[in-house]
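Enquirer: Below are the sequence and a predicted model for it; my questions follow.
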Amino acid sequence: MRLLLHRILLLGAVALILPACDLPSGMARFSDPGIETFPDEGNDHVPVGTPITYNTDPPTSGPHYPDPQEGGYYMIAIAPGFLVHSLEHGAVVLYYNPLTTSNSQRSHLKALAKAHPGSFSQVVAVPRNDPTYPIILTAWTHRLRLADYDADRIDGFVALFLGQGPEKE
């Protein structure tokens with residue numbers, strides 16, 4: 001609880017300081033050498049159920065289904081075609097391994113998803129059984145794979161890329 005309060009206070013302080021910085025609108029000061037950037041694979045809509053092959057795993061852009069996935073914390077897998085549409089809307093999709101994330105880590109992911117609902121600039125947390133990278137974060141053309149849970153890196157990625165998709169509300 002004390003750690004959560006510390007993070008809330010820290011995020012509040014950052015929110016007060018960032019507007020005074022000369023940063024582009026919506027961009028937070030965060031960098032992580034683990035963030036990978038990929039070419040844009042396009043954003044065509046295809047009918048639901050159409051098989052789609054992506055160049056990244058999990059996908060970071062490309063053809064997708066007509067409806068984005070609403071923000072939220074999910075305990076069942078969601079078809080990539082819906083998630084990619086969410087990325088186009090500026091979402092951050094957080095993939096977590098339910099077998100290796102602790103209750104407190106899942107609580108952190110649930111709080112992020114609850115703080116950013118809807119179908120634009122949303123956080124979508126979905127399960128993925130990946131023993132090498134128990135946490136993977138994606139945004140439009142960006143990915144961060146984490147071998148260990150790191151709340152600061154997760155929060156930094158969300159702050160950097162949330163709302164930065166090519167199709168904004």
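Expert: Okay, I see it. Quick caveat, the model's predicted, so the values are computed rather than measured.

Enquirer: For residue 119, give me its contacts.
Expert: Contacts for residue 119 (CB atoms under 8 Å, 6 or more residues apart in numbering) come out as 68, 70, 71, 86, 89. Yep, even glycine has a C-beta here, placed from its N, CA and C like the rest.

Enquirer: do the same with residue 141
Expert: Neighbour list for residue 141: 37, 38, 39, 40, 60, 61 [criterion: CB under 8 Å, 6+ apart].

Enquirer: pLDDT score for it?
Expert: Residue 141 carries a pLDDT value of 98.

Enquirer: so where do the helices sit in the protein?
Expert: For the chain, the helices defined by DSSP state H cover 2-17, 80-88, 103-115, 151-161.

Enquirer: Run through who's touching the third one.
Expert: I take that to be helix 103-115. Helix 103-115 has contacts (CB under 8 Å, 6+ apart) with 71-73, 94, 96, 98, 101, 122-125, 149, 151, 154-155, 158.

Enquirer: cool, and the second one?
Expert: Residues outside helix 80-88 that contact it (CB under 8 Å, 6+ apart) are 43, 45-46, 48, 50, 52, 54, 58-69, 71, 91, 93, 119, 122, 124, 126, 138-140, 165-167.

Enquirer: Pull out the buried members of these.
Expert: Buried subset of these (neighbour count, 16 or more other CB atoms under 10 Å): 43, 52, 54, 58-65, 68-69, 71, 91, 93, 119, 122, 124, 126, 138-140, 165.

Enquirer: in this protein, what spans have low per-residue confidence?
Expert: Filtered on pLDDT under 70, the chain yields the residue ranges 1-29.

Enquirer: in this protein, which spans are strands?
Expert: 36-37, 72-73, 92-96, 123-127, 135-139, 142-146 (DSSP state E).

Enquirer: so residue 64 touches residue 43, yeah?
Expert: Yes - Residue 64 lies in contact with residue 43 (CB atoms under 8 Å); the separation is 7.0 Å.

Enquirer: list the buried ones in stretch 105-119?
Expert: Neighbour counts over stretch 105-119 (16+ other CB under 10 Å) mark 105, 106, 108, 109, 111, 112, 113, 116, 119 as buried.

Enquirer: Tell me the one among the residues you listed nearest to residue 78.
Expert: For the buried residues of stretch 105-119, the closest approach to residue 78 (CB to CB) belongs to residue 113, at 12.4 Å.

Enquirer: and the gap between residue 99 and residue 163?
Expert: For residue 99, the distance to residue 163 equals 31 Å [CB to CB, to the nearest Å].

Enquirer: Show me which of those two is the more surrounded one.
Expert: Taking neighbours as other CB atoms under 10 Å, residue 99 and residue 163 compare with residue 163 leading, 19 against 10.
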